[in-house]
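Chemist: quick one, what's the 3D model for this:
(chains A, B, C and D)
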There are 2 protein chains.
Amino acid sequence: MTPEASDDRWFRAGWRSGPELSLPDYHVIVNASPRHARKGAAPSIRDVAAEAGVSHQTVSRVLNESPRVRPATRAAVLAAIDRLGFRPNRAARTLGFGRASGVTVVTSNTTLYGYACTLQGIEEAARTDGVALGIRVVESAEVRQTVDYVSDPSAGGLIVIAFDPLGTAVLEALPGHIPAIVAAEPGAPDLGRVAIALDERRAAADATRHLLELGHRTVHHVAIPSEGRSGGRQAGWRDALTEARAEIPEVLGCGWDVASAYVAGRQLAARPDVTAILCGNDDIAQGVRRALYDAGKDVPGDVSIVGFDDIPGSAFWTPALTTVRMDFAGLGRACFHAAVAELTGRPQPEISLVPPRLIVRESTAPPRHR
Amino acid sequence: MTPEASDDRWFRAGWRSGPELSLPDYHVIVNASPRHARKGAAPSIRDVAAEAGVSHQTVSRVLNESPRVRPATRAAVLAAIDRLGFRPNRAARTLGFGRASGVTVVTSNTTLYGYACTLQGIEEAARTDGVALGIRVVESAEVRQTVDYVSDPSAGGLIVIAFDPLGTAVLEALPGHIPAIVAAEPGAPDLGRVAIALDERRAAADATRHLLELGHRTVHHVAIPSEGRSGGRQAGWRDALTEARAEIPEVLGCGWDVASAYVAGRQLAARPDVTAILCGNDDIAQGVRRALYDAGKDVPGDVSIVGFDDIPGSAFWTPALTTVRMDFAGLGRACFHAAVAELTGRPQPEISLVPPRLIVRESTAPPRHR
DNA sequence: CCGTTTCATGCAACCGATTGCCGCACCACT
DNA sequence: AGTGGTGCGGCAATCGGTTGCATGAAACGG
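Modeler: Numbers count the residues shown, from 1 in each chain, chains lettered A, B, ... in the order given. Now for the predicted structure:
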């Protein structure tokens, strides 16, 4: 605010505007503060306004693609933006608009394959659209803190990954006015939010049917944690067994870690009647496969196993794993676009996901003694 | 701003303050606007100020732990904050302070094990400290956009994961005034930033030495992309071979994908003189192992292999993988704390990382024909 | 040629914090 | 009792945008 800082650049635009600016003479702009040239600081819309000879509100309208701007004015503003290398300040935009235009992902995990791929799909789509991305991991004792955190306007739109009860718990505790999209399992209870899901039920049924068609009497199942909801993998497995009138064995649950899958695998390996195992995911398949190996059972000679997810490298196992490929990245992208629609109030876009696909490799074969 | 909205709650605090508030009578507070009770909206510091009978600036001082607040006042404000369930608005804070207090991670990848674990460590530390976390993935053609994106004040402090040239490129293009910490390989060029690294060089030397001590004449190396900088895995491998006066074979480079590792593995499998292979990471080890299998070579009978990273499940391979465990999560935590120090201007904390550790399992053994 | 509608754009308030400056009240000291 | 120092806390400006409203000019109809 030193006197020399408030030079006449501002008034030039209005008072001296000649025909070359194609602006009428009455444009005497007052609302511009003289701080336009704080050197070192990034240019603001007021600097752009000065450069273009308009008010900063008009610059705002151009930025927000308001139809109420003359094409010539718009062009002048865009040129000024370009000349100054102006970038809108996201924090200010958030404050003015009331909520950030970015997206925050709420998840209970970032490294497990399904979660990580969904996240990757979201990230890719967000980056393409120039949208900011935040992450918030929720742990079991921290649902309250998580909700507090994402309630802040700067969290923007939410994508809650509710593959597990923790995600669902967040969803339930989330105030209704906060824009959120759910990446869910099918069959999860409707909480009044847009929810998108992969058809894991069908996928599991396909995998189970594959084993039954090979001639196995039934298929055992080692489930991932928190399975059992009506639409999940376990349900599909049950569907296929029921459809084939096969016996439905008891489900073995285990944790996300390979070690617990190994334990489950040893139990199944001890039973001679077990000839086919549907594993809740590929990591579990890894533990089960090693358990079978340690018990002296050959895969697929003695026991066939099927995984779920098609993690990178599963094609290079010995034996290469038969598994179900899931389009988690596509799910993530769809969630992102839905979240943006939710946030901006636009209608929800059509979504199309690549359906799950069974990849038959080396770990499945007909049972030895038919 | 309707007349009935501007009730007298505000002035009560000043004019009618009795001894129960322990505030002197001269406290006539003027700067409070009457919008304090917009119902439905989250409470702001002005609401808290009204509740506590102070000005909103004083609330700000309490929030920022300024020493210039009397303990009694502080207590009153804290009580009001508690009563109202007030949460400071991050966007407003960012705008006022000039930069967000959160942290943004810049990385070229989010799913590869080293990157994902570092990210996980950062996330965990950020959540513990109640700090917001953003993610920005950089692709090769997008260095400029990435720098633009993170230059915005709302990105807060940066953690650039520079395990590869892309991360380094971002670092070079980043304006000097932007607070950033580098998660790097040792030996990377100093760019005037605080950089933290795991001792991969030593780790690779340990792994190579292990193979040499088993009796292998030399150790071949399949390198991860962008390896070769002075401090990396390849350098450590070279160190150990040099130290043992062993022949230094040509390095086989490959991509991040297991398939390219398989190709490299087939090349090595064709050569009878190859008895030990140091793989750039565990995924590469997986491809190489399958290639050896397909070529009819036994691991570790014919060829020993060592991986790098100790990914989950590598203990359950057949054979279980000998590998080097790296404390990526610890690296992430250290980077986070350094970033916060950088952002707040506090002195850099002491860091201590768990050194890499060789985990000997089943994939290494003495060569068959000594 | 005048009145009315439409359009573009400026005005001012607002979003919710931070921060330098200033003033008042109290205490201590002479 | 007068005076000076100190510390608490209010004042006002600021950060960089968004948005409801007002206004002037152009367009249009009769």
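Chemist: gap between the residue nearest to residue A:224 when sequence neighbours are not counted and DNA strand D?
Modeler: Ranked by C-beta to C-beta, 6 or more residues apart in numbering or on different chains and with sequence neighbours excluded, the top spatial neighbour of residue A:224 is residue A:280, at 3.4 Å. C-beta here means a position set from N, CA and C on the backbone, and glycine is covered the same way. Relative to DNA strand D, residue A:280 is positioned 46 Å away (C-beta to the nearest atom of the strand, to the nearest Å).
Chemist: please enumerate the helices of the stretch 151-300 of chain A.
Modeler: Assigned by DSSP state H, counting those that start in this stretch, the stretch 151-300 of chain A shows helices spanning A:165-173, A:200-213, A:233-243, A:258-269, A:282-294.
Chemist: dump these into a markdown table; add mean pLDDT as well.
Modeler: Formatted as a markdown table, the helices of the stretch 151-300 of chain A follow (pLDDT from 0 to 100):
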| stretch | mean pLDDT |
| --- | --- |
| helix A:165-173 | 94 |
| helix A:200-213 | 97 |
| helix A:233-243 | 96 |
| helix A:258-269 | 98 |
| helix A:282-294 | 98 |
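Chemist: okay, these in CSV with distance to residue A:113 and mean neighbour count next?
Modeler: Shown next, in CSV, are the helices of the stretch 151-300 of chain A (distance: least, C-beta to C-beta, whole Å; neighbours: other C-beta atoms under 10 Å in any protein chain shown):
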stretch, distance to residue A:113, mean neighbour count
helix A:165-173, 16, 19
helix A:200-213, 14, 22
helix A:233-243, 14, 20
helix A:258-269, 12, 21
helix A:282-294, 7, 25
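Chemist: relative to residue B:81, which of those is closest?
Modeler: Closest to residue B:81 of the helices of the stretch 151-300 of chain A, according to C-beta to C-beta: helix A:165-173, at 21.0 Å.
Chemist: what is the closest one packed up against?
Modeler: strand A:103-107, helix A:143-151, strand A:157-162, strand A:180-184 (3 or more C-beta pairs under 8 Å, 6 or more residues apart in numbering or on different chains; DSSP states H and E).
Chemist: dump that helix to PDB, restricted to CA.
Modeler: Only the C-alpha atoms of helix A:165-173 are listed here, as PDB (Å, rounded to 0.1, in the frame of the first residue of the first chain):
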ATOM      1  CA  PRO A 165     -17.800 -53.000   7.600                       C
ATOM      2  CA  LEU A 166     -15.400 -50.200   8.400                       C
ATOM      3  CA  GLY A 167     -16.300 -48.300   5.300                       C
ATOM      4  CA  THR A 168     -20.000 -48.900   5.900                       C
ATOM      5  CA  ALA A 169     -19.600 -47.600   9.500                       C
ATOM      6  CA  VAL A 170     -18.200 -44.300   8.100                       C
ATOM      7  CA  LEU A 171     -21.100 -44.100   5.700                       C
ATOM      8  CA  GLU A 172     -23.600 -44.500   8.500                       C
ATOM      9  CA  ALA A 173     -21.900 -41.800  10.600                       C
END
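Chemist: how many degrees apart are that helix and strand A:103-107 in direction?
Modeler: 130 degrees (axes from the mean of the first three to the mean of the last three C-alpha atoms, to 10 degrees).
Chemist: my reading is that residue A:341 lies in a helix. Confirm?
Modeler: Yes - Residue A:341 sits within a helix when classified using DSSP: H, G, I helix; E, B strand; the rest coil.
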